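Colleague: Give me a 3D structure for the following:
(2 chains)
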2 protein chains.
Amino acid sequence: MATPELDDRTTAQLAFLVEADRLKAVERANPLVDGSRRENSAEHSWHIALMAAVLAERSDGPVDLGRALCLCLVHDLVEIDAGDTPPWDTAGRATKAEREAAAADRLFALLPADQAATFRGWWDESEAAETPEARLARAVDSLAPLVVNHAEGGRLWREKGRTEADVRARNARLEGWVPALVPVVDALVDDAVEKGWL
Amino acid sequence: MATPELDDRTTAQLAFLVEADRLKAVERANPLVDGSRRENSAEHSWHIALMAAVLAERSDGPVDLGRALCLCLVHDLVEIDAGDTPPWDTAGRATKAEREAAAADRLFALLPADQAATFRGWWDESEAAETPEARLARAVDSLAPLVVNHAEGGRLWREKGRTEADVRARNARLEGWVPALVPVVDALVDDAVEKGWL
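Modeller: Numbering: from 1, shown residues only, chains lettered A, B, ... in the order given. From the prediction side, this is the model:
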């Protein structure tokens, strides 16, 4: 990427953006709604950002949507090094935090120092899940698999032997993040149970 | 998607978000940087939103980054119906505006009326390319193919017989959108010409 005409700041920004492209090749467990293939972490990140824009109104207090979108955009970048770790990967879950922190150290450092601090701050904020923006970002990240698997017809749930209790437990976190989305979880899980998908 | 427990507003929001999933299946001409396949419009939308967050500082005036990100997130949704129309598709370019406007009419109307107006407004704003936010969104949308094709090694340019003049003409629009990004275009095109890719 280095070209003689570009200053150091621009070179660093382009290096980060080119490296980020690799998120398009990180495969997640969840399918596209049309069932044609599994989704990747880049298109998933776009989808949850769109979900945040649509569902921000459910937050129980003011939310800076722009900041929430920044959290959505960067939250999975660490998977370029660490891969996606689905909830049933018990061994992977044990080392997930450590692997993802190492990835964050490497990836955000590609940016110029001031932007590295800003983007790393967004990732740390998302992980901590304490601010209204982070709680919204984490809520849509948790809700998205439920929405796409329900719309697809629940094949992944059947293949993995996921139970109603598994999916309810996974989404119980929404109570602390965006409580107004809990009825959405309940409705989709109830419907999936009724249809025999869970 | 309709489940008996959900109110009309939530049902409409989920219907829109499920329909939006189809953008993951819209193939673009441009490759991933690793050359493994062509990118799709959903992951491209994520990538340009990330580019907007990194490069917003180049805008020649204040930019509401959150609003610019919203424009990036929705700008390609119309391709669900209209498909991607690359610059060398002359026949497609002649009908592009009409096809995309029809798609916008259908897709944004899936949302509750107030959100349909907001999201359609973002799309219209992006198309008009007049506000600072829209000029930033359009600039990164134009710059992204240059960045990924350059990083990939220029295979698409050679396959399509793209010339230096083609790529410079395509990106001449950045002069009116984010002039500070013109040197980035020049540097990448110069380097591609030197390497024999254009």
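
Colleague: In chain A, what residue lies closest to chain B?
Modeller: Chain A approaches chain B most closely through residue A:66 (1.8 Å), counting by Cβ to the nearest Cβ. Using the backbone N, CA and C atoms, a C-beta is placed for each residue, glycine as well.

Colleague: isn't there a helix covering that residue?
Modeller: Yes: for residue A:66, which was evaluated using DSSP: H, G, I helix; E, B strand; the rest coil, the result is membership in a helix.

Colleague: so it makes contact with residue B:69?
Modeller: Yes: in terms of Cβ atoms under 8 Å, residue A:66 counts as a neighbour of residue B:69; the distance is 6.2 Å.

Colleague: who has more neighbours, those two?
Modeller: Each of residue A:66 and residue B:69 has its neighbours counted (other Cβ atoms under 10 Å in any protein chain shown); residue B:69 has more, 30 against 16.

Colleague: distance of the residue lying closest to residue A:58 once chain neighbours are set aside from residue A:163?
Modeller: In this structure, residue A:58 finds its nearest non-sequential neighbour in residue A:180, 4.0 Å apart by Cβ to Cβ, 6 or more residues apart in numbering or on different chains. Relative to residue A:163, residue A:180 is positioned 25 Å away (Cβ to Cβ, to the nearest Å).

Colleague: what's near enough to touch the spatially most central residue of chain A?
Modeller: Using Cα atoms, centre = their mean, the residue of chain A that lies closest to the mean C-alpha position is residue A:141, 4.5 Å off. Remark: with contacts taken as Cβ atoms under 8 Å, 6 or more residues apart in numbering or on different chains, residue A:141 is in contact with A:48, A:72, A:75.

Colleague: Near the last one, how many other residues are there?
Modeller: Burial of residue A:75 is recorded as 23 neighbouring residues (other Cβ under 10 Å).

Colleague: count of neighbours near residue A:84?
Modeller: 19.

Colleague: Okay, and it sits in which element?
Modeller: Per DSSP states H and E, residue A:84 falls between elements, in no helix or strand.

Colleague: From what I see, it and residue A:41 are in contact.
Modeller: Yes: taking Cβ under 8 Å as the contact criterion, residue A:84 and residue A:41 are neighbours in contact, 6.0 Å apart.

Colleague: tell me, what's touching those two both at once?
Modeller: The contact sets of residue A:84 and residue A:41 overlap at A:26-28, A:76 (Cβ under 8 Å, 6+ apart).

Colleague: Just checking, which helix or strand succeeds the top helix by length along chain A along the chain?
Modeller: Scanning chain A for the helix with the most residues, using DSSP state H, yields helix A:132-152. Once helix A:132-152 ends, the next helix or strand along the chain (criterion: DSSP H and E) is helix A:155-160.

Colleague: counting contacts, what elements does the helix or strand that that following helix is followed by pack onto?
Modeller: On the C-terminal side of helix A:155-160, the nearest following helix or strand under DSSP H and E is helix A:164-171. Packed against helix A:164-171, as judged by 3 or more Cβ pairs under 8 Å, 6 or more residues apart in numbering or on different chains; DSSP states H and E, are the following elements: helix A:132-152, helix A:182-194.

Colleague: Just give the number of residues close to residue A:39.
Modeller: Residue A:39: 24 surrounding residues under other Cβ under 10 Å.

Colleague: now do the one 5 residues further on
Modeller: For residue A:44, the count of nearby residues is 27 (other Cβ under 10 Å).

Colleague: pretty sure it is touching residue A:144, no?
Modeller: Yes: with the criterion set as Cβ under 8 Å, residue A:44 and residue A:144 qualify as a contacting pair; they are 6.7 Å apart.

Colleague: which residues are common contacts for these two?
Modeller: Common contact partners of residue A:44 and residue A:144 (Cβ under 8 Å, 6+ apart): residue A:30.

Colleague: Quick check: PyMOL command selecting the buried ones in the shared contacts of residue A:84 and residue A:41.
Modeller: Selection of the buried residues among these in PyMOL, burial being defined by 16 or more other Cβ atoms under 10 Å in any protein chain shown:
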select buried, chain A and resi 26+28+76
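
Colleague: could you dump the shared contacts of residue A:84 and residue A:41 to JSON lines with distance to residue B:133, pLDDT and secondary structure?
Modeller: Output for these, formatted as JSON lines (distance: Cβ to Cβ, whole Å; pLDDT from 0 to 100; DSSP: H, G, I helix; E, B strand; the rest coil):
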{"residue": "A:26", "distance to residue B:133": "29", "pLDDT": "98", "secondary structure": "coil"}
{"residue": "A:27", "distance to residue B:133": "33", "pLDDT": "97", "secondary structure": "strand"}
{"residue": "A:28", "distance to residue B:133": "30", "pLDDT": "97", "secondary structure": "strand"}
{"residue": "A:76", "distance to residue B:133": "25", "pLDDT": "98", "secondary structure": "coil"}
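
Colleague: Also near chain B: which of the shared contacts of residue A:84 and residue A:41, exactly?
Modeller: Of the residues in the shared contacts of residue A:84 and residue A:41, proximity to chain B by Cβ under 8 Å from any Cβ of the partner chain holds for none.

Colleague: Widest-spaced pair of the shared contacts of residue A:84 and residue A:41?
Modeller: A:27 and A:76 (12.0 Å; Cβ to Cβ).

Colleague: Sketch out the low-pLDDT regions of chain A for me.
Modeller: A:1-2, A:4 (pLDDT under 70).

Colleague: Relative to residue B:47, how far out is residue A:51?
Modeller: Using Cβ to Cβ, residue A:51 is found at 18 Å from residue B:47.

Colleague: ditto for residue A:128
Modeller: 26 Å.

Colleague: Also residue A:42?
Modeller: When distance is defined by Cβ to Cβ, residue A:42 is 7 Å away from residue B:47.

Colleague: what do the two both touch?
Modeller: With the criterion set as Cβ under 8 Å, 6+ apart, the overlap between the contacts of residue A:42 and residue B:47 is residue A:24.

Colleague: still on that earlier bit, assign a three-state SS to the residue nearest to residue A:58, would you?
Modeller: What three-state DSSP gives for residue A:180 is helix.

Colleague: re the thing from before, would you mind finding the most buried of the helices and strands packed on helix A:164-171?
Modeller: helix A:132-152 (a mean of 24; mean count of other Cβ atoms under 10 Å in any protein chain shown).

Colleague: Can you give the distance of that one from its chain's centre?
Modeller: Its chain's C-alpha centre and that of helix A:132-152 lie 8 Å apart, by Cα atoms, centre = their mean, to the nearest Å.
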